[in-house]
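Novice: dropping a prediction and its sequence here:
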Amino acid sequence: MRLLVTGREGQVVTALKEIGPAAGHEIVALGRPDLDLADAASVAAAVERVRPDAVISAAAYTAVDKAETEPDVALAVNATGPGALAAAAARLGIPVVHLSTDYVFDGTKPTPYVETDPVGPRSVYGSTKLEGERAVLAAQPRSAVLRTAWVYAPFGANFVRTMLRLSETMDVVRVVADQRGTPTSAHDIAAAVVAVAGNLVARADDAALAGVFHMTGAGEATWADFAEAVFAGAARRGGKAPRVERITTAEFPRPAPRPANSRLDCGKLARTHGVTLPDWRVSLDAVLDRLLA
Ligand SMILES: NC(=O)C1=CN([C@@H]2O[C@H](COP(=O)(O)OP(=O)(O)OC[C@H]3O[C@@H](n4cnc5c(N)ncnc54)[C@H](OP(=O)(O)O)[C@@H]3O)[C@@H](O)[C@H]2O)C=CC1
Ligand SMILES: Cc1cn([C@H]2C[C@H](O)[C@@H](COP(=O)(O)OP(=O)(O)O[C@H]3O[C@@H](C)C(=O)[C@@H](O)[C@H]3O)O2)c(=O)[nH]c1=O
Ligand SMILES: [Mg+2]
C-alpha cells in the first residue's frame, strides 16, 4: 500500500516510517508547510497529489496543558484539519485511519472503557480530539478511529524519555499513582495501523471494519508504576534508578485535568480486525534496549 501519513517528526509517524517499508509499504509522511492541518486547502491538495491507498491521520496538537490556552489552534489541528483530510479521502474513495485518545473520557468509570461508553472530555485537548473523531467519521464513514493512550517511543516527547532525563539529576522523582491506564508503544501502534488500513483497503464493503475502536498495550499501570518500570529497566542496563515517590493528582497540579481511569477495553479491535497489542512491559523493554543499549 501507499499510505499518506500526516506529520513528519511525531512518534507514530516516525515509527511508521521505520516499519512500513520493511513490510512492503510506501509511507509518504507530510507535515507543515506542505500539509498544514490548520490550512484545509493544503490538506486537500496533499491528498489529491499523493493519491494514496489509505490515509493515516496521526498528526495532532498533543500539548495537553498548552491547549488550554490555545483552544482555537487545537480545534483547527485536531478537528477541522482531520475533517478536511477525511473529506478529501472520501472524494478519492479511500479509507482513513484516525488516531484518538483516552482523554475523550472523564475517567470516572471504575472499569475499562468500551467504545459505547459515554464520552465526557475534561480538557481542551480531549474535547478537540472528540470533535476530530466526529468530523472524520462524518466526512468519510469508511474510517477507523483508533483511541490509544500513553504513547511512548525511543524518540519524540514522551513520559519514558522525561523519566530517563529526570533520573540523570534526581534521587527521588514524584509521580502520580492515582491515574490508571496502559502505556502504548508507537511501534506497536504503527504495526496495528498498517494492519487496520490493510483490512479497510482489502474489504471495502465490510462496514464492520469502520467506526471507533480502542487500542492500547495489554495490561495496566499507574504513571508511578510506569516510572518504576522505566527505572528498573534502566538499572538492569547499568543506569541510574531514582526512587519513585507515589503522589496524588492533587499533589501535582497542572492546567488540564487528566482522567483517573484511562483503561481502554480493546476487545472490539481484536474481534473485528484481529489486532492485539503486546503487554506494555514487553514493549517498554524493547524501547529501553534502543535508548540504553
Ligand atoms: N502522545 C500520546 O501520548 C498520545 C497520542 N495520541 C494520538 O496519537 C496521534 C499520534 O500522536 P504522537 O505521535 O504522540 O504525536 P506527537 O506529539 O509525537 O507528534 C505530533 C505530530 O503532529 C504534527 N502536527 C502538529 N501540528 C500540525 C499541523 N498544524 N499540521 C500538520 N501536522 C501537525 C507534528 O508535526 P511536526 O513533525 O512537523 O512537528 C507531529 O508530527 C495523535 O493523534 C495523538 O492525538 C493518543 C493518545 C496518546
Ligand atoms: C513529568 C511528570 C509527570 N507526572 C504525571 C503528570 C501526568 O498525570 C502523567 C503523565 O505526564 P505527561 O505530561 O506525559 O502526560 P500527558 O501529556 O497528559 O499524556 C497524555 O498525552 C496525550 C497526548 C494523550 O493522548 C494521553 O493518552 C496521554 O498520553 O504523569 C508526574 O506525576 N511526575 C512527573 O515528574
Ligand atoms: Mg505530554
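Specialist: Structure received. Ligands and ions are numbered 1, 2, ... in the order given.
Novice: the helix or strand containing residue 175 packs against which elements?
Specialist: Using DSSP states H and E, residue 175 maps to strand 172-176. Judged by 3 or more CB pairs under 8 Å, 6 or more residues apart in numbering; DSSP states H and E, strand 172-176 is in contact with helix 159-169, helix 223-236, strand 243-247. From N, CA and C alone the C-beta is placed, and that goes for glycine too.
Novice: CA atoms of the longest one as PDB?
Specialist: In PDB, the C-alpha atoms belonging to helix 223-236 read as follows (Å, rounded to 0.1, in the frame of the first residue of the first chain):
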ATOM      1  CA  TRP A 223       2.000   6.600  36.000                       C
ATOM      2  CA  ALA A 224       4.000   5.700  39.100                       C
ATOM      3  CA  ASP A 225       4.100   2.100  38.100                       C
ATOM      4  CA  PHE A 226       5.300   3.100  34.600                       C
ATOM      5  CA  ALA A 227       8.000   5.300  36.100                       C
ATOM      6  CA  GLU A 228       9.200   2.400  38.300                       C
ATOM      7  CA  ALA A 229       9.300   0.100  35.400                       C
ATOM      8  CA  VAL A 230      11.400   2.600  33.400                       C
ATOM      9  CA  PHE A 231      13.900   3.000  36.300                       C
ATOM     10  CA  ALA A 232      14.000  -0.800  37.000                       C
ATOM     11  CA  GLY A 233      14.800  -1.300  33.300                       C
ATOM     12  CA  ALA A 234      17.400   1.400  33.400                       C
ATOM     13  CA  ALA A 235      19.000  -0.200  36.500                       C
ATOM     14  CA  ARG A 236      19.200  -3.600  34.700                       C
END
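Novice: so that helix, near ligand 1 or not?
Specialist: No - judged by CB under 6 Å from any ligand atom, helix 223-236 and ligand 1 are separated, with a smallest distance of 11.6 Å.
Novice: residue numbers of the stretch 151-293 of the chain in contact with ligand 2?
Specialist: 151, 159, 162, 173, 174, 175, 176, 179, 223, 252, 258.
Novice: show me what counts as buried in stretch 185-196.
Specialist: 185, 186, 187, 188, 189, 190, 191, 192, 193, 194, 195, 196 (16 or more other CB atoms under 10 Å).
Novice: which residues does it contact?
Specialist: Residues outside stretch 185-196 that contact it (CB atoms under 8 Å, 6 or more residues apart in numbering) are 1, 3, 11-12, 14-16, 18-20, 23, 25, 56, 58, 97, 99, 144, 146, 148, 151-153, 156, 209, 213, 215, 217, 269, 273-275, 277-278, 280, 283-284, 286-287.
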